[in-house]
Structure formats: structure tokens, C-alpha cells
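> Using only what follows, build the 3D model:
(one chain, ligands or ions: 1)
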Amino acid sequence: MPKSTTTADKPSGGLIVALDVPTIRDAERLAERLGDLRPVFKIGHQLAYTGGLALAEKLIRAGQEVFLDLKLHDIPRTVEEGVRSLAGFGATFLTVHAYPQTMRAAIAGRGESGLKLLAVTVLTSMDEEDAKAAGYAKGVATLVDERAADGDAAGIDGLVCSPMEVASLRKLVGQRRSLVVPGTRPAGAAAGDQKRVRTPAEAMRDGADYLVMGRPITGAADPVAAARAILAEMQAERT
Ligand SMILES: O=C(O)c1cc(=O)[nH]c(=O)n1[C@@H]1O[C@H](COP(=O)(O)O)[C@@H](O)[C@H]1O
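So this is what the prediction gives:
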């Protein structure tokens, strides 16, 4: 039987820093500066194809937690074998898209390893119009709810959603699944291409476990101070 998260082994939550920067050297510098704050470091498409997996191994060897954000979606065999190839890598998290077939294949591929699988419901860069343009007649909120229910039924460890949907997904999955939330912005920060945006405090208040933050930290004049401010905002809602 493939391993499935129980409430007892649900990760504790915290800040995930997206290392979306142009070079490995830039990412290493950021990780060195932010390492003492013990965030999870997320390596996505920008770095993964230019040496990011080697950096991920290095960070893991140094005792840091790593999230491989590869957002897998393919035919089941390809997903299953892809996840199997990564199962022993030592990363904490890996993303797949929240399609039932894809999630089931990823869970089979992860086997008995401790790799936690996160399913991306609807990208935080999409609003109602974008969803319609992509062929989804249902509203975004319905689509997120349905994909989350599919993920829960499949036994996925966590769901990636926007801060707008945290409250409704927390009701849906209770404490069984981690809720991992990109698309938050501190008051006054630029949204960039994020469309379903709220503040870190609002997401935490609604029940987020992890916040994923890139540009407001990586693009700040002082990334350590920016990360500390986000952590303080998160902490204030937890106590
Ligand atoms: O899977 C993700 O992490 C993800 C899902 C999603 O729906 N939206 C989203 O922004 N992300 C990631 O979260 C990070 C957000 O970065 P910033 O917008 O710079 O804070 C990026 O690395 C995205 O790839």
C-alpha cells in the first residue's frame, strides 16, 4: 500500500521561499543568507533546468528542507516513473497538478518514501476570465473545491491553493492535508502576475499551513529583513 499522510505525520508548516532567480550562484547566496531562518527552499522551473537539482541536493546535505516544484502532469506511467526517480532524492515536497489520474500515479511512484506530494488546484495567476479562456465553465472557487476533493480522495498530502480558498479548503479537508498557499502579498507589495491575492495574515487566519513567497523576499533590498517581516506576520496569527 503506498504511504499516505495521517494527521500525525503532517508537516508543521511555515515559510517556503521560492528561489526563482536567474542563476545557481544567486540562489546559493540567497539560501546562505536566509538559511538561519529555516524556511523551506523551493526550486522551480527557472532553476531546475539549469543546475537546480544539484543545488537541491547540496541544500538537503546541509540540513535544509527542499521543495521541488516541478508541477508534474503527463500520462500516468510517465508521472509514476518520474516520481519514482525522485522518491529517494531527499526533498520534502514535490508538486503535481490536481488531476485524479496524475495524483494516483504520483502516489504510486512515491511508494514508501517520505516524499510529500502537493497537488496544485488552480494556479494563483488565474482569475475567472482566465479559467473561462482555458475552457472551464465552472467558477474558480468550484474548480478549486472539486480538485481539492479529488486530491483528498486520492490521498494526496497537501493542496496548493490561493489565499482566497484557504477557509473553504480547510473546512473540506480538516487537518488531514497541508494547505500550501502562494499568492500572498504584504500590504503595499506588487502583485505581479498573481491574481487571487490576499495578505499573509489573512491566509494564516483562514488556516494556511505554509505560505510560498518569492519576489517580495528575493527582490527586496534586504531579503532577510523581508523574510523576517513575513514570519512575524505569520506568527502573529498563530498565537
Ligand atoms: O506551486 C506553486 O508553488 C505555485 C502555485 C500557484 O498556483 N501559484 C504560484 O505562484 N506558485 C509558485 O509560487 C511562487 C510565487 O512567487 P511570487 O509570486 O514571486 O511570490 C512561484 O514560484 C510560483 O511558481
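> Could you list the low-pLDDT ranges of this structure?
For the chain, the stretches with pLDDT under 70 are 1-8, 239.
> what about the helices in it?
24-34, 45-47, 53-61, 76-87, 100-110, 128-133, 140-154, 166-173, 200-206, 215-218, 223-238 (DSSP state H).
> Which elements pack onto the first one?
Spelled out, it's helix 24-34. Applying 3 or more C-beta pairs under 8 Å, 6 or more residues apart in numbering; DSSP states H and E, one finds that helix 24-34 makes contact with strand 40-43, helix 53-61, helix 223-238. Every C-beta, even on glycine, is put in place using the N, C-alpha and C of the backbone.
> and these as a markdown table, adding distance to the ligand and mean neighbour count?
Output for those, formatted as a markdown table (distance: least, C-beta to the nearest ligand atom, whole Å; neighbours: other C-beta atoms under 10 Å):
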| stretch | distance to the ligand | mean neighbour count |
| --- | --- | --- |
| strand 40-43 | 6 | 24 |
| helix 53-61 | 14 | 17 |
| helix 223-238 | 10 | 16 |
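> Relative to Pro100, which of the ones you listed is closest?
Evaluated over the helices and strands packed on helix 24-34, closeness to Pro100 peaks at strand 40-43, with 24.7 Å, by C-beta to C-beta.
> and this structure, which residues reach the ligand?
Within the chain, the residues that sit near the ligand (C-beta under 6 Å from any ligand atom) are 18, 20, 44, 69, 95, 120, 123-124, 160, 182-183, 192, 194, 212-215.
> centroid residue for the chain?
For the chain, the residue nearest the mean C-alpha position is Val180 (5.0 Å; C-alpha atoms, centre = their mean).
> That one and Gly207 touch, don't they?
No. Using C-beta atoms under 8 Å, Val180 is not in contact with Gly207, being 11.8 Å away.
> and the closest residue to Arg84 other than its chain neighbours, how many neighbours does it have?
Nearest-residue entry for Arg84: Gly109, 4.2 Å, with adjacent residues in sequence omitted and distances by C-beta to C-beta, 6 or more residues apart in numbering. Other residues within reach of Gly109, judged by other C-beta atoms under 10 Å, total 26.
> what about Gly109, distance to Gly82?
Separation of Gly109 from Gly82 (C-beta to C-beta, to the nearest Å) stands at 7 Å.
> ok, Ala226 to Leu19 distance?
Applying C-beta to C-beta to Ala226 and Leu19 gives a distance of 14 Å.
> Name the residue of this protein that lies nearest to the ligand.
Using C-beta to the nearest ligand atom, the single residue of the chain nearest to the ligand is Gly214, 2.6 Å away.
> wait, what's in contact with that residue?
If a contact means C-beta atoms under 8 Å, 6 or more residues apart in numbering, then Gly214 has 17-20, 42, 182 as its contacts.
> Now those residues in a markdown table, please, with extra columns for distance to Arg198.
Formatted as a markdown table, the contacts of Gly214 follow (distance: C-beta to C-beta, whole Å):
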| residue | distance to Arg198 |
| --- | --- |
| Val17 | 19 |
| Ala18 | 17 |
| Leu19 | 23 |
| Asp20 | 20 |
| Lys42 | 20 |
| Pro182 | 11 |
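> Most neighbours among these, which one?
Leu19 (29 neighbours).
> ok, now which ones touch the closest residue to it other than its chain neighbours?
Spatial nearest neighbour of Leu19, chain neighbours left out: Ala27 (4.4 Å); criterion: C-beta to C-beta, 6+ apart. Contact partners of Ala27, counting by C-beta under 8 Å, 6+ apart, are 19, 21, 43, 47, 52, 55.
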